[in-house]
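J.: okay, here's the prediction I keep looking at, along with the sequence it came from:
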Amino acid sequence: MMGNTNRQVKMCLLSVLIILASPVFHFQPCNDTFIAAFSTSTTTTTARTPSSTSKSSDGFHRSRNNTKAAVIFLHGLGDTPDGWSKLTEVLPSIRPNLANIDITYVFPPAPYIGVSVNGGEKMPGWFDVFDWPIGLDAKDDPKGLAQSVRSVEKIVKQLEEEEGIHPSRVVIGGFSQGGAVALMAAYNRRKKDAIPFAGCICLSGWLPMKQYLDIDEGAAESTPLLWAHGQHDKKIVFEQQTYGVNKLENAGVDVTACTYPVGHETADFEEIADMADFLESVLAMKAAKPKKPRSADPDFHGEEEAENEDETNALLYYLCAIGIEESLKAAY
């Protein structure tokens with residue numbers, strides 16, 4: 001028995017080394033600019049546990065198991081999905097029960113955008129970044145955040161329509177900037193009829209739009225959060241976790257906060273093990289019963305209404321961040 005345990009630990013360590021050896025981006029300041037090394041991948045990487053998958057022409061790796069769930073994981077600023085896609089091998093090696101769940105892993109690539117802290121030069125990013133390191137008073141990019149949240153929602157919709165995966169069986173996660181988007185997608189100012197996700201994972205990320213946090217009661221009660229952060233993180237400062245966790249807990253979110261004696265690491269073994277534990281806890285359960293579709297509601301006016309609501313949400317993010325609400329109050 002001990003021999004099998006040691007062998008499993010060695011396999012886990014080997015898998016983590018594969019991740020660390022992947023071409024993953026790390027921010028390093030150089031002459032007032034930031035230099036990034038990244039690939040030119042522009043397609044969404046999707047996968048499932050290798051032991052029970054078959055790849056189709058559309059890039060999805062479909063499992064042959066019966067239960068269904070999904071993990072959408074967003075990479076950090078300047079990175080690509082390539083290194084993180086190894087999670088499909090690492091996570092089940094740590095928690096074998098995950099291999100018995102039909103999990104679709106989706107690793108979307110961020111668009112190339114001009115990033116202010118990079119001198120305006122383009123790199124993969126979910127939204128603009130104006131300050132570095134990211135402290136508690138860092139400036140937000142509400143428009144970019146809203147657009148990225150919309151991208152996540154489109155993936156969730158695609159998973160439901162094409163894969164039959166209910167949103168309540170979807171976990172949204174991300175590293176660094178990707179973690180910030182994950183928090184926004186899972187909790188802040190969601191649509192009134194939005195179905196809560198199975199869980200949210202924030203690795204070394206931060207909570208944007210702190211002063212305009214509006215969490216639906218359903219999301220707070222039904223979407224637990226794993227927030228993992230390095231105690232010596234000098235890029236997304238450690239205080240971000242303390243502040244964000246307190247803010248979300250006060251709103252009713254069930255938060256598991258984990259800390260490690262590391263910096264802004266891409267993948268710490270203990271951190272990935274905690275991620276595997278969390279996924280097992282939220283996905284190794286009976287799937288929720290789907291709610292009645294909106295189209296069955298006589299007041300539903302189709303895709304046009306949904307698009308208008310998306311535009312309103314994006315505008316709301318923008319107005320909140322520039323303080324329009326306060327200006328309107330003062331005017332009246």
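T.: Thanks, I have it. Numbers count the residues shown, from 1 in each chain.
J.: beyond the helix or strand where Leu91 lies, next helix or strand please.
T.: Taking DSSP states H and E as the definition, Leu91 sits inside helix 87-94. Using DSSP H and E, the next helix or strand after helix 87-94 towards the C-terminus is strand 102-107.
J.: which element follows that next one toward the C-terminus?
T.: Next along from strand 102-107, by DSSP H and E: strand 112-114.
J.: average pLDDT for stretch 126-141?
T.: Averaged over stretch 126-141, pLDDT sits at 95.
J.: contacts only, for Gly144.
T.: Gly144 makes contact with Ile113, Gly125, Trp126, Phe127, Asp128, according to Cβ atoms under 8 Å, 6 or more residues apart in numbering. The C-beta positions use only the backbone N, C-alpha and C, and glycine is treated the same way.
J.: then it would be within a helix, right?
T.: Yes. Under DSSP: H, G, I helix; E, B strand; the rest coil, Gly144 falls within a helix.
J.: that one and Gln211, how far apart?
T.: 18 Å (Cβ to Cβ, to the nearest Å).
J.: mind listing what's buried along stretch 117-134?
T.: For stretch 117-134, the neighbour count (16 or more other Cβ atoms under 10 Å) marks Val117, Asn118, Met123, Pro124, Gly125, Trp126, Phe127, Asp128, Val129, Trp132, Ile134 as buried.
J.: and of those, the nearest to Pro224?
T.: Taking Cβ to Cβ as the measure, Trp126 is the one of these closest to Pro224, at 22.7 Å.
J.: check for me that that closest one belongs to a strand.
T.: No. Going by three-state DSSP, the assignment for Trp126 is coil, not a strand.
J.: which residues touch it?
T.: Neighbours of Trp126 in contact, by Cβ under 8 Å, 6+ apart: Leu74, Leu77, Ala110, Gly144, Leu145, Ser148, Gln177, Gly178, Ala180, Val181.
J.: change it to 7 Å
T.: Residues near Trp126 by Cβ atoms under 7 Å, 6 or more residues apart in numbering: Leu74, Ala110, Gly144, Ser148, Gln177, Gly178, Val181.
J.: any regions of this protein where pLDDT drops low?
T.: Low-confidence segments of the chain, defined by pLDDT under 70: 1-66, 266-267, 285-332.
J.: where do the strands sit along it?
T.: Under the criterion DSSP state E, strands of the chain are mapped to 29-30, 33-34, 45-47, 53-55, 61-63, 68-74, 102-107, 112-114, 122-124, 170-175, 199-203, 225-230, 255-260.
J.: tell me which of those lies nearest to Leu248.
T.: The nearest among the strands of the chain, by Cβ to Cβ, is strand 255-260 at 5.6 Å.
J.: tell me how far the ends of stretch 87-105 are from each other?
T.: 9 Å (Cα to Cα, to the nearest Å).
J.: buried sites along it?
T.: For stretch 87-105, burial by neighbour count (16+ other Cβ under 10 Å) applies to 87-95, 98-99, 101-105.
J.: so Ala198 versus Leu91, what's the distance?
T.: Using Cβ to Cβ, we find Ala198 at a distance of 15 Å from Leu91.
J.: just the residues contacting stretch 232-240, thanks.
T.: By Cβ under 7 Å, 6+ apart, stretch 232-240 touches 27, 133-136, 176, 204-206, 229-231, 261-264.
J.: how long is that stretch end to end?
T.: End-to-end for stretch 232-240, by Cα to Cα: 12 Å.
J.: same question for stretch 217-228.
T.: Terminal residues of stretch 217-228 lie 23 Å apart, using Cα to Cα.
J.: next: stretch 111-124.
T.: 5 Å.
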